[in-house]
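In: Got a predicted structure here, sequence first:
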Amino acid sequence: MNQQLGKIRNPAAAFFLSLITFGIYGLVWLYKIFDEARTYVKNRNGVSVTPPGLIIGLMFIPIFNIVWGLMVGFKAPGLVGKMRRADGVPAHLAGSSGSLGLLLFIPVIGGILWITLTQSAINQFWRDAATKQGFDRAITAATVRAEPKLAAPSTPPVLSPADDAYKKCPHCAEFIRYEAAKCRYCHELV
């Protein structure tokens with residue numbers, strides 16, 4: 001399983017770039033984190049992520065954008081929990097940082113903490129996923145290297161009905177040992 005991983009971003013840079021660009025980078029940042037999460041999840045295990053275009057598009061509807069902005073404040077930190085559930089972690093163990101959205105009700109400092117903690121949680125998920133993928137790749141590589149030695153079948157002996165030590169499998173008609181209870185070719189009980 002080799003999913004595309006997201007980018008690890010500096011949480012302070014995400015905040016300061018949003019501040020310097022009067023919130024424009026904040027919209028770009030939201031789009032990117034939702035897009036990366038959606039690419040990673042790909043509806044595995046019944047988990048879906050809101051499309052990033054919808055996240056940003058609804059920010060431009062007057063009046064509704066206030067409500068939607070608060071909803072996104074709770075949705076963005078919850079991405080980590082969704083990605084963990086997509087990896088097969090049960091919902092009660094996946095955790096969710098959705099409650100970080102409450103920080104948005106604290107003027108100024110709440111926004112700083114929200115971006116910092118949300119991006120830090122996402123960064124930690126990407127690091128863990130990269131470590132896990134590296135481990136999976138190492139296991140796969142070791143298995144591939146070991147397979148020719150383990151899986152290379154030796155040339156089976158030439159058997160004939162004249163040999164009393166062998167009988168014919170009733171399912172696949174291959175010769176098997178007389179004592180065999182299960183055919184080594186078709187794996188059926190004999």
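Out: On my side now, so go ahead. Computed from a predicted structure; not experimentally measured.
In: List the buried residues for stretch 90-98?
Out: Neighbour counts over stretch 90-98 (16 or more other CB atoms under 10 Å) mark Ala94, Ser96, Ser97, Gly98 as buried. C-beta coordinates here come from the backbone N, C-alpha and C atoms, glycine included.
In: May I see the residues you listed arranged in CSV, with distance to Phe175, secondary structure and pLDDT as well?
Out: Output for those, formatted as CSV (distance: CB to CB, whole Å; DSSP: H, G, I helix; E, B strand; the rest coil; pLDDT from 0 to 100):
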residue, distance to Phe175, secondary structure, pLDDT
Ala94, 53, helix, 77
Ser96, 60, coil, 71
Ser97, 63, coil, 70
Gly98, 64, helix, 71
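In: Tell me the one among those residues nearest to Pro77.
Out: Proximity of the buried residues of stretch 90-98 to Pro77, judged by CB to CB, is greatest for Ser97, which lies at 3.7 Å.
In: Please list all residues in contact with that closest one.
Out: Shown in contact with Ser97 (CB atoms under 8 Å, 6 or more residues apart in numbering): Pro77, Gly78, Val80, Gly81, Leu117, Thr118, Ala121.
In: and the nearest residue to the second one once chain neighbours are set aside, what is it in contact with?
Out: Spatial nearest neighbour of Gly78, excluding adjacent residues (CB to CB, 6 or more residues apart in numbering): Gly98 at 3.9 Å. Applying CB under 8 Å, 6+ apart to Gly98 gives the contacts Phe74, Lys75, Pro77, Gly78, Gly81.
In: can you check Ser96 too?
Out: Taking CB under 8 Å, 6+ apart as the test, what Ser96 contacts is Pro77, Gly78, Val80, Gly81.
In: now swap in Ala181 and tell me
Out: Leu189, Val190.
In: looking at the protein, which helix or strand does the model trust least?
Out: helix 109-151 (a mean of 73; mean pLDDT, DSSP states H and E).
In: next structured bit after it?
Out: Next along the chain after helix 109-151, taking DSSP states H and E as the criterion, comes strand 166-168.
In: Relative to that following strand, what are the paired strands and their orientations?
Out: Paired neighbours of strand 166-168 in the sheet (DSSP bridges): strand 175-177 (antiparallel).
In: buried stuff in the partner strand?
Out: By 16+ other CB under 10 Å, the buried positions in strand 175-177 come out as Phe175, Ile176.
In: tell me the mean pLDDT over that strand?
Out: Regarding strand 175-177, the rounded mean pLDDT is 82.
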